[in-house]
Every structure is written in structure tokens, then in C-alpha cells.
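Trainee: Got a predicted structure here, sequence first:
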Amino acid sequence: MQKRAIAVHDISCVGRCSLTVALPILSAAGVETSIVPTALLSTHTGEFTGYTYLDLSNQLLPIADHLATLGRSYDAFYSGYLASGAQVDDVLGMMDRLCNENTHIFVDPAFGDHGRMYSLMDATMPSQMRRLCRRARTIVPNLTEACFLLDEPYPSEGCTPELIARLTSGLLALGPENVVITDIAFSPEHTGLAIQSRHMPQPVFQFRSRFEGVFHGTGDVFASLLLAGLMNNRTVQDAAAMALALTHDVIALTLQDGQPLRYGVQFEKILPQLWAKLQ
Ligand code: PXL
């Protein structure tokens, strides 16, 4: 049977992030994907000014109520960038209506990067996102979000394996089965992942060579590829290795092309490889 996901993120019209990344990647992985927008923006908030912003919180529960009447179940519920901390309550209400015990709740607590919260985020976001993480089977914070979620200072001077192990075990203690932290580096030349599942005593690390620059939307590309692998019956470590390798390739292809980086990364170019790898 074809797998079915519901993705709950913003729509940024331009800039390749959130739903405009999650939908094509999951579709290319053979997953039927329904989308529910949390907010509508003209661009992402990273390297643009003057963007429009519409909070769609008042639509989430009415949409979920209607979808629930259709009587379809979802194999995955994938949440990402939210309009406000308060919107977490609506997303939890959506889970009540649309998830059953088999639904893989996959939470990307997308609210910050590089040690700071994104522009429009309010102060309740970390504690509210922590509530979503408690409900999830898999969470995919970057290092910044992991620190905010656990009230740890961001290690701007570089991190150690001991700090990362404290973060992965602190996040596992919230309740998820799998924690994948992105943006981990123990040296300037590499960047990668820390992965720990409930049965593992320690995190394992996966690294790739690092590219200079800020690559908007790569967290969304990575998380969507990871979920694509999981929904195609890969283990967390195998899916993470595939997602990291493809995200690395996407950044290399983007740099070769020379397009301004605020328009995001050229994930379109690896969709055929994604399909091939999943066969
Ligand atoms: O990729 C994360 C993201 C999603 N949506 C919006 C954003 C960002 C990051 O800046 O601004 C609107």
C-alpha cells in the first residue's frame, strides 16, 4: 500500500523551504502527501526584508476536523515551521484528530539557527516546541534548536562529543524514540549529524566535508529526505546517511550553478537519485 503523510509547515512562496521542499521530496519518494500551511509568507525570513506574513492558526483545527471526517489514517505526521508558540496547541489538536498509534510523528522544531531564533519567533517557541517533541517518535532539531529546547547555552566556540551526548540524551528524555541533531561539527572542515535512538547508549556521528556559506532551507531538505527514507522502511541511521549524502550533493550543485544563496538550494536536481536509491 502506498504510504501517506501529512505535512504541516509554512508556505514561503519564494526561497525553497518548508512545504515547497517537503511536498516535492516526499512525492518523489512515492509518498502521498497532504499539506496544511501554518502561515503564508512571500519569502522565507532569512535573507529577505519586506516579506508578507499571514498567520493561518485559525485554519488548522477546522481543516483537521474536516479531514478527520474522511476517515483516512496517516503513516506520518510531519510538522515544521510554525507561525507562533501558541500555534503548537493547534498542531497538538491536529495530532489528536489525525494520528493513530501507528502514525510516525516526525517533528522538525524549525525555529532558529546559528545560535539565534528566526526573525518572527516569539519567546514561548522553545517551551512550546518542547511539547511537540514530547509527542514525537522522531525529532530533527539543529544544534541551535537542541540547545534552546534544553535551556543549554549555544556552544559558539565549538562543541565537544560530551556536550552533544548530553543534548541527545536530554532530548531522548523528553520521550521520542529517535533524535537526530544536525549542524554538528568538531572541526571547521566537517559538518554532520548526531543520531541517538532509545536503545543506544551513546550517539553515533556522521560527517561530510563542510561548504563555506549559509544555505537556507537545507534543514528542511535534510529532514524531508530523512522522513522519505524512514517511510521507505530504512533504519534511522541508513535514512540519515542517505539524507546527509544527498543534502551535501545538493549544496555542491547549488554552488556550481552560482545562483544567489537566498533562493535556497537546488534540491530538484537530486530527486531522480532519491527515487533510484529508494528502489
Ligand atoms: O527553513 C526554515 C524556515 C521555514 N520557514 C520560514 C523561514 C525559515 C528560516 O528562516 O523563515 C518562513
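Mentor: All right, it came through fine.
Trainee: Can you pull the phi/psi pair for T191?
Mentor: Here the main-chain torsion angles of T191 (degrees, to the nearest 10) amount to phi -150, psi 150.
Trainee: Tell me which stretches of the stretch 1-150 of the chain form strands.
Mentor: Listed in chain order, the strands of the stretch 1-150 of the chain (DSSP state E, counting those that start in this stretch) span residues 4-14, 32-43, 53-55, 76-79, 104-107, 112-113, 116-117, 138-139.
Trainee: now the helices for the stretch 151-279 of the chain?
Mentor: Under the criterion DSSP state H, counting those that start in this stretch, helices of the stretch 151-279 of the chain are mapped to 161-172, 218-231, 236-257, 271-278.
Trainee: tell me the contacts of D89?
Mentor: D89 makes contacts with Q128, as judged by Cβ atoms under 8 Å, 6 or more residues apart in numbering. Using the backbone N, CA and C atoms, a C-beta is placed for each residue, glycine as well.
Trainee: An error on my part: the question was meant for F222.
Mentor: So, once contact is read as Cβ under 8 Å, 6+ apart, F222 ends up touching V140, T182, A243, L244, T247.
Trainee: From the ligand, how far off is the spatially closest residue to the third one that is not a sequence neighbour?
Mentor: Of all residues beyond its chain neighbours, the one nearest A243 is L225 (3.6 Å), with distances taken as Cβ to Cβ, 6 or more residues apart in numbering. Relative to the ligand, L225 is positioned 14 Å away (criterion: Cβ to the nearest ligand atom, to the nearest Å).
Trainee: what's the spatially closest residue to S224 that is not a sequence neighbour in contact with, if anything?
Mentor: Across the structure, with Cβ to Cβ, 6+ apart as the measure, the residue nearest S224 apart from its sequence neighbours is I25 (3.9 Å). By Cβ under 8 Å, 6+ apart, I25 lies in contact with V221, S224, L225, A228, F267, L271, L274.
Trainee: which of the strands of the stretch 1-150 of the chain is buried the deepest?
Mentor: Among these, strand 138-139 has the highest mean neighbour count (mean count of other Cβ atoms under 10 Å), at a mean of 27.
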